[in-house]
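Enquirer: Show me how the following folds:
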Amino acid sequence: MRKALEIIESFCDYPPSLAQYMVRPVLSNQKMNSYLKEIASLCEITKKLTFHIAKYTFATTITLSNGVPIETVSKMLGHLDIRTTQHYAKLLDNRMSLDMETLIAKMGWL
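Expert: Reported below is the predicted structural model:
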């Protein structure tokens, strides 16, 4: 996590990032996939990594499954329509259980 924050901080004064109001410069999917392939090779990861897989993992494993509201995730992913983000949320069956447990605890049931 610390390394990821260092990378993000390294772009804080980068003119293309500032001009686009982005944390990091936005690259093409092709260029991003090329970088991910190189990173996977250096880390001896045999699974094919793509920008799409990274985006999906971020949406499901990191944000939605940790309670980040779907509206926030939708904005972070750059979706114009929340229905696009809801596709990711449908795949999280355990999310409903966690939400119900939270509700039960808040309401003092059981």
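
Enquirer: how close does A89 get to S65?
Expert: To S65, A89 is 10 Å away according to C-beta to C-beta, to the nearest Å. Just so you know, the C-beta spots here come from the backbone N, C-alpha and C atoms, and that holds for glycine as well.

Enquirer: So for these two, which sits in the more crowded spot?
Expert: Neighbour count, other C-beta atoms under 10 Å: between A89 and S65, A89 has more, with 17 against 14.

Enquirer: State the helix or strand in which the more buried one lies.
Expert: Here A89, judged by DSSP states H and E, is contained in helix 82-90.

Enquirer: list the helices and strands that helix packs on?
Expert: helix 70-77 (3 or more C-beta pairs under 8 Å, 6 or more residues apart in numbering; DSSP states H and E).

Enquirer: One more pass at 10 Å, please.
Expert: For helix 82-90, the elements it packs on are helix 51-57, helix 70-77, judged by 3 or more C-beta pairs under 10 Å, 6 or more residues apart in numbering; DSSP states H and E.

Enquirer: Now do the last one: which elements does it pack against?
Expert: Yep, that's helix 70-77 we're talking about. Contact analysis of helix 70-77 by 3+ C-beta pairs under 10 Å, 6+ apart lists helix 51-57, helix 82-90 as its packing neighbours.

Enquirer: Can I get it in PDB, CA atoms only?
Expert: The C-alpha trace of helix 70-77 is given here as PDB (Å, rounded to 0.1, in the frame of the first residue of the first chain):
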ATOM      1  CA  ILE A  70     -21.800   2.300  -5.600                       C
ATOM      2  CA  GLU A  71     -22.300   6.000  -6.600                       C
ATOM      3  CA  THR A  72     -18.700   6.800  -5.500                       C
ATOM      4  CA  VAL A  73     -17.300   3.700  -7.300                       C
ATOM      5  CA  SER A  74     -19.200   4.800 -10.400                       C
ATOM      6  CA  LYS A  75     -17.500   8.200 -10.400                       C
ATOM      7  CA  MET A  76     -14.100   6.700  -9.700                       C
ATOM      8  CA  LEU A  77     -14.400   4.400 -12.700                       C
END
